[in-house]
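In: need the 3D shape of this:
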Amino acid sequence: MKIPFLATLFLFLLVLGRALKKNTKTMNEQEQSFWQRERAANSVRKKPMDDLEYIFLPLEQLPAEVHRDDTVVQECLDTLTILKDSKIVNLTGITNTDLKLAYGTANITVLTEYDQNYTSLITTLQKWADRLYELGDMDNAKTILEYAVSVHSDITATYLLLAEIYSQSGLSERIPELISAAEKLTGTSGKIILRKLQETYPSL
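Out: Below you'll find the predicted structure:
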């Protein structure tokens, strides 16, 4: 009985050893590839950024005049007023290495700023919509959330709250639009949003 067991154990250890060796080799190759690309990126000179998709914040088309007496609403409006005159770009899913290769190392700081502005935009929109929803203003919350989806927000709560508003407002036929929008998002966020929408509204 011991011999078959030892033979099986030996075979298992042999297979495991080969798998670990192969995995280590793959990781080393990936690491070498990363550093090669990073070295190449660090030598790229400054390039024009004309092809960036800048986001326009139409604050005058959003419900900026309602509930201004509310502290949370006013804080959101103050932030958005600043962002309105700032450059905003959604760079979600694009690595710094890719950005340096595309636009040069000298532009990485300003590109990071543009991306941070985008993060500030979508989080502020969500905070604003949440507060209006709490105040019972579903229509204006819907307007804000629809704009957030239009600029490809990847905040799960944006899609779930908008779907809830659609459901409460007799607009359930629009929820598939959110599912379609989530499918177009890059990265893991889109998959999470898609799964939650499908779990919450399985019949759509």
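In: Cys76 and Tyr201: what is the separation?
Out: For Cys76, the distance to Tyr201 equals 28 Å [Cβ to Cβ, to the nearest Å]. (Each C-beta comes from the backbone N, C-alpha and C, glycine too.)
In: which one's more surrounded, the two?
Out: Cys76 (23 against 17; other Cβ atoms under 10 Å).
In: phi and psi next, for Leu171.
Out: phi -120, psi 30 (degrees, to the nearest 10).
In: so what's it scoring on pLDDT?
Out: Listed pLDDT for Leu171 reads 96.
In: neighbours around it, how many?
Out: With other Cβ under 10 Å as criterion, Leu171 counts 14.
In: compute the number of surrounding residues for Phe157.
Out: I think there's a mix-up here, since residue 157 is Ala and not Phe. Neighbours of Ala157 under the rule other Cβ under 10 Å: 16.
In: do Gln74 as well
Out: Gln74: 12 surrounding residues under other Cβ under 10 Å.
In: do the same with Lys184
Out: Quick note: Lys184 (other Cβ under 10 Å) scores 9 neighbours.
In: OK, contacts around it?
Out: Going by Cβ atoms under 8 Å, 6 or more residues apart in numbering, Lys184 touches 152, 190.
In: for Phe56, see how far away it is.
Out: If you go by Cβ to Cβ, the gap between Lys184 and Phe56 works out to 19 Å.
In: low-confidence ranges in the chain?
Out: Flagging of the chain using pLDDT under 70 yields the residue ranges 1-7, 9-10, 23, 25-44.
In: is Arg45 in a helix, a strand, or coil?
Out: Look at Arg45: counting by DSSP: H, G, I helix; E, B strand; the rest coil, its state is coil.
In: burial of it, as a residue count?
Out: 9.
In: that one: what's it in contact with?
Out: Here Arg45 is in contact with 104-106 (Cβ under 8 Å, 6+ apart).
In: just the buried residues of those residues.
Out: Listed as buried from those are 104-105; burial here means 16 or more other Cβ atoms under 10 Å.
In: now, which of the contacts of Arg45 lie within helices?
Out: Among the contacts of Arg45, no member falls in helices (DSSP state H).
In: among the contacts of Arg45, which are in strands?
Out: The members of the contacts of Arg45 all map outside strands under DSSP state E.
In: export the contacts of Arg45 to a markdown table and tack on distance to Arg68?
Out: Below are those laid out as a markdown table (distance: Cβ to Cβ, whole Å):
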| residue | distance to Arg68 |
| --- | --- |
| Gly104 | 43 |
| Thr105 | 43 |
| Ala106 | 41 |
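In: which residues touch the host helix or strand of Asp78?
Out: Asp78 belongs to helix 71-84 when assigned by DSSP states H and E. Contacting residues not belonging to helix 71-84 are listed as 57, 59, 62, 64, 66-68, 117, 120-121, 124-125, 127-128, 131-132 [Cβ under 8 Å, 6+ apart].
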